[in-house]
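Undergrad: Pasted the sequence and its predicted model underneath.
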Amino acid sequence: MTKTIFVINGPNLNALGKREPGIYGAKTLADIETDCREAARRLGYEIEFRQSNHEGDLVDWLHEAGDKAVGVALNPGAYGHTSIALHDAIRAIGVPVVELHLSNIHARESFRHTTRIAPVATGVICGFGPSSYTLAITALAELAS
Ligand code: DQA
């Protein structure tokens, strides 16, 4: 049976490519999905790739991943800085979650320096642009092996 890694994306990430390209780059979320599928395939994994602008969807998908996935690569977007619901959802599931961000949140505005996810994540990757996603997938595949 092929093992699945969930890649879950939060608010505004659907606008990648046209959204502040100086910070987030020119790739669209569809481009990043292609990169993720390719990286996972090479490692022997399948990707379930999702995006929502709604916090509750992200909570539901974390719960679903807890039942179906070997791990989760989560770009929570701005909810990473604010959401106790996402923090609690991660605590409620038994699979590793890697928090990731395209940008280096610690080199940006001070309100981005705090993350509600990092204390309950297995690890955090930020600042590598789209490679943050493939690095997270590599880390999760290693954890699952
Ligand atoms: C982001 C960083 C967040 O601070 C921001 O709100 C985003 C994108 C990133 O991938 O760099 O929406 O998660």
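TA: Arrived safely.
Undergrad: For this protein, just list every one of the helices.
TA: With DSSP state H as the criterion, the chain has helices at 21-24, 29-43, 55-68, 79-82, 84-92, 131-144.
Undergrad: Out of these, flag the one nearest E99.
TA: helix 79-82 (6.5 Å; Cβ to Cβ). C-betas here are computed from N, CA, C, even on glycine.
Undergrad: Dump the helices of the chain into JSON lines; add distance to the ligand and mean neighbour count as well.
TA: Formatted as JSON lines, these follow (distance: least, Cβ to the nearest ligand atom, whole Å; neighbours: other Cβ atoms under 10 Å):
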{"stretch": "helix 21-24", "distance to the ligand": "6", "mean neighbour count": "12"}
{"stretch": "helix 29-43", "distance to the ligand": "10", "mean neighbour count": "17"}
{"stretch": "helix 55-68", "distance to the ligand": "12", "mean neighbour count": "17"}
{"stretch": "helix 79-82", "distance to the ligand": "6", "mean neighbour count": "19"}
{"stretch": "helix 84-92", "distance to the ligand": "12", "mean neighbour count": "17"}
{"stretch": "helix 131-144", "distance to the ligand": "7", "mean neighbour count": "20"}
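Undergrad: can you redo those helices as JSON lines with mean pLDDT?
TA: Output for these, formatted as JSON lines (pLDDT from 0 to 100):
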{"stretch": "helix 21-24", "mean pLDDT": "96"}
{"stretch": "helix 29-43", "mean pLDDT": "98"}
{"stretch": "helix 55-68", "mean pLDDT": "98"}
{"stretch": "helix 79-82", "mean pLDDT": "98"}
{"stretch": "helix 84-92", "mean pLDDT": "98"}
{"stretch": "helix 131-144", "mean pLDDT": "98"}
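Undergrad: I'd like these laid out as a markdown table, including distance to T114.
TA: Below are the helices of the chain laid out as a markdown table (distance: least, Cβ to Cβ, whole Å):
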| stretch | distance to T114 |
| --- | --- |
| helix 21-24 | 18 |
| helix 29-43 | 25 |
| helix 55-68 | 17 |
| helix 79-82 | 6 |
| helix 84-92 | 12 |
| helix 131-144 | 18 |
